[in-house]
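J.: pasting the sequence and the predicted model now:
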Amino acid sequence: MDMDNLGLNNDVSVGGRKFHIQTTYSDSENQIIANAFNEGQVVDSREVAVADEIPMAELKERMESIHQELITEMEILYYMSEKVKTVRHASSANKLGLLFLQKQLLDEAVEHFKLALEIDPQFSEVYANYGKALLMDERYDQAIEILQQGAQQAPGYADMQYYLGLAHLYKEAFEQAEQHLEKALALNPKYGEAHFNLGVARLARYARTAESEPNQTEVDEAITHLRFDDGNLCIPNRARLVELAEKGAFAEVVDAYLLNKPRDLLAKFMNVENEFYLKFMYGGKGKDDSFISAYIEDLQELVEENPAYADVHNNLGVAHLIQCRNLFLKALEEFRAALKINPNFKKADKNLKLAENDGKGFLILLRAILK
């Protein structure tokens, strides 16, 4: 197959930024790969498998379709942003902030977290998300200020303490880092990232301070924290860092770890629900059956991978209610179509009236859940 001239490239100006959209075909992987770049950094991507012997004309058509889908995705993202700013709904602003954060569009993320707190200053989760965005942007003092406000409001929020610990760690304020990471673990003893960072912070006291005689008990405890694995850890070169610590190369551990950018350590997201909610509410996808079905498939995969995640089960329940809502609306359309064909069709008239009357409660219920 002739692979020449299969690449697609476009610049898209939206939201005050210029994104470069690039779509290519990988012959070795039999994949179409589409990426959206912001200043050379990938902010969104698609990988779509294709058949081995796909005809050239069909391949080009499929590539153009995926390329355009990604362009549209970026345009919808900023369209939703304007809609959320207009309706001034705190939860939506927070969800959109998380979506921008996932794409590492940090200025937009901060803007929407600020908006959410302006609308609802008691929205505790936003302080953690806002602090995380500032951390990823390496604005440590501002992150600490926001996170301290959140911690005062929600002292039982483990993420708040973890982000505070991480901010102090990057400021090389190791004792304060230890204090906050210990609080995070007191709130959630299985918090893998908090364990690892507490281990680094404790070793850093020996590597970066005047303490010349390491306390062996503390060293052993620090290494135990480094070894802790909840199965979901995303720490670059973790095995190598543990090995260095076990050899007593504490300075190497700390130096190597702090070479990681906070945005690399905090890049793990599971925002399937946020993106769905925003597109459902503001992106014109409310009646798109294929969109809703794809979302349910994503959630079902997450449930299989993480059966103990209560929030995923909850989101799947809401998604099924949305499916019911769309089927209900289709049923109303069919009853009306029947009456249009035959205005004297008593059974259709009765069914329509019953559905319209009794269905109001269901629609009110769904509206309340989505708020």
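T.: Looks like it arrived, so ask away.
J.: count the neighbours of Gln142 for me.
T.: 16 (other Cβ atoms under 10 Å). Backbone N, C-alpha and C define where each C-beta goes, glycine included.
J.: now Leu187
T.: 17.
J.: excluding its backbone neighbours, what's nearest it?
T.: Ala158 (4.0 Å; Cβ to Cβ, 6 or more residues apart in numbering).
J.: which residues touch Ala251?
T.: Ala207, Arg208 (Cβ atoms under 8 Å, 6 or more residues apart in numbering).
J.: surely Glu172 meets Ala204?
T.: Yes: the pair formed by Glu172 and Ala204 meets the contact definition of Cβ atoms under 8 Å, at 7.4 Å.
J.: looking at the two, which has the bigger crowd around it?
T.: Shown here are Glu172 and Ala204; by other Cβ under 10 Å, Ala204 has more neighbours (24 against 13).
J.: can you give me the distance of that one to Glu178?
T.: 9 Å (Cβ to Cβ, to the nearest Å).
J.: now do Glu58
T.: 59 Å.
J.: so if I had to pick from these two, which one is more boxed in?
T.: Neighbour count, other Cβ under 10 Å: between Glu58 and Glu178, Glu178 has more, with 21 against 11.
J.: wasn't Tyr25 part of a strand?
T.: Yes: checked against DSSP: H, G, I helix; E, B strand; the rest coil, Tyr25 lies within a strand.
J.: on that earlier part again, let me know the pLDDT of the residue nearest to Leu187.
T.: Note for Ala158: predicted pLDDT of 95.
J.: can you check Pro307 too?
T.: For Pro307, the predicted pLDDT is 80.
J.: just checking, it is part of a helix?
T.: No: Pro307 is assigned coil when assessed by three-state DSSP, not a helix.
J.: pLDDT below threshold where in the stretch 201-350 of the chain?
T.: Applying pLDDT under 70 to the stretch 201-350 of the chain flags the ranges 209-213, 269-273, 283, 285-287.
J.: could I get the full set of helices for the stretch 51-200 of the chain?
T.: 56-87, 90-102, 106-119, 124-136, 140-153, 158-170, 174-187, 192-208 (DSSP state H, counting those that start in this stretch).
J.: reformat the ones you listed as CSV; add distance to Ala348.
T.: Below are the helices of the stretch 51-200 of the chain laid out as CSV (distance: least, Cβ to Cβ, whole Å):
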stretch, distance to Ala348
helix 56-87, 37
helix 90-102, 38
helix 106-119, 45
helix 124-136, 47
helix 140-153, 55
helix 158-170, 53
helix 174-187, 58
helix 192-208, 58
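J.: now for the closest residue to Gln179 other than its chain neighbours, how many residues are close by?
T.: Take Gln179 and drop its neighbours on the chain: the residue closest to it by Cβ to Cβ, 6+ apart is Gly165, 7.7 Å away. Gly165 has 28 neighbouring residues, counting by other Cβ under 10 Å.
J.: again, but for Phe362
T.: Phe362: 14 surrounding residues under other Cβ under 10 Å.
J.: same check, this time on Pro262
T.: Pro262 has 22 neighbouring residues, counting by other Cβ under 10 Å.
J.: for Ser28, grab phi and psi.
T.: phi -70, psi -30 (degrees, to the nearest 10).
J.: how much space between it and Asp52?
T.: Counting by Cβ to Cβ, the gap from Ser28 to Asp52 is 11 Å.
J.: swap in His195?
T.: Distance from His195 to Asp52, by Cβ to Cβ: 45 Å.
J.: what does Phe328 give?
T.: Using Cβ to Cβ, we find Phe328 at a distance of 43 Å from Asp52.
J.: next one: Glu39
T.: Distance from Glu39 to Asp52, by Cβ to Cβ: 36 Å.
J.: count the residues that sit near Asp230.
T.: So Asp230, with other Cβ under 10 Å, has 11 neighbours.
J.: could you find the closest non-adjacent residue to it?
T.: Gly192 (3.7 Å).
J.: that neighbour against Asn232, yeah?
T.: Yes: assessed by Cβ under 8 Å, Gly192 is found in contact with Asn232 at 6.3 Å.
J.: between the two, which has more neighbouring residues?
T.: Comparing Gly192 with Asn232 by other Cβ under 10 Å, the one with more neighbours is Gly192, at 17 against 11.
J.: the host helix or strand of Arg367 vs helix 90-102, what angle?
T.: Assigned by DSSP states H and E, Arg367 belongs to helix 346-370. If you take axes from the mean of the first three to the mean of the last three Cα atoms, to 10 degrees, helix 346-370 sits at 70 degrees to helix 90-102.
J.: give me phi/psi at Asn41?
T.: Heads up, residue 41 is Gln, not Asn. Torsion angles at Gln41 (phi, psi; degrees, to the nearest 10) stand at phi -100, psi 130.
J.: Phe19 too?
T.: According to degrees, to the nearest 10, Phe19 has phi -100, psi 140.
J.: count the neighbours of it for me.
T.: 23.
J.: kindly report the same for the one 5 residues further on.
T.: Other residues within reach of Thr24, judged by other Cβ under 10 Å, total 16.
J.: which residues does Met160 contact?
T.: Tyr127, Ala128, Gly131, Leu147, Gly150, Ala151, Ala154.
J.: same thing but 7 Å
T.: Tyr127, Ala128, Leu147, Gly150, Ala151, Ala154 (Cβ atoms under 7 Å, 6 or more residues apart in numbering).
J.: tell me the most packed of these, by neighbour count.
T.: Counting by other Cβ under 10 Å, top hit in the contacts of Met160: Leu147 with 28 neighbours.
J.: could you find the closest non-adjacent residue to it?
T.: Per Cβ to Cβ, 6+ apart, closest to Leu147 is Gly131, 3.8 Å.
J.: that neighbour - how many residues pack around it?
T.: Gly131: 29 neighbours (other Cβ under 10 Å).
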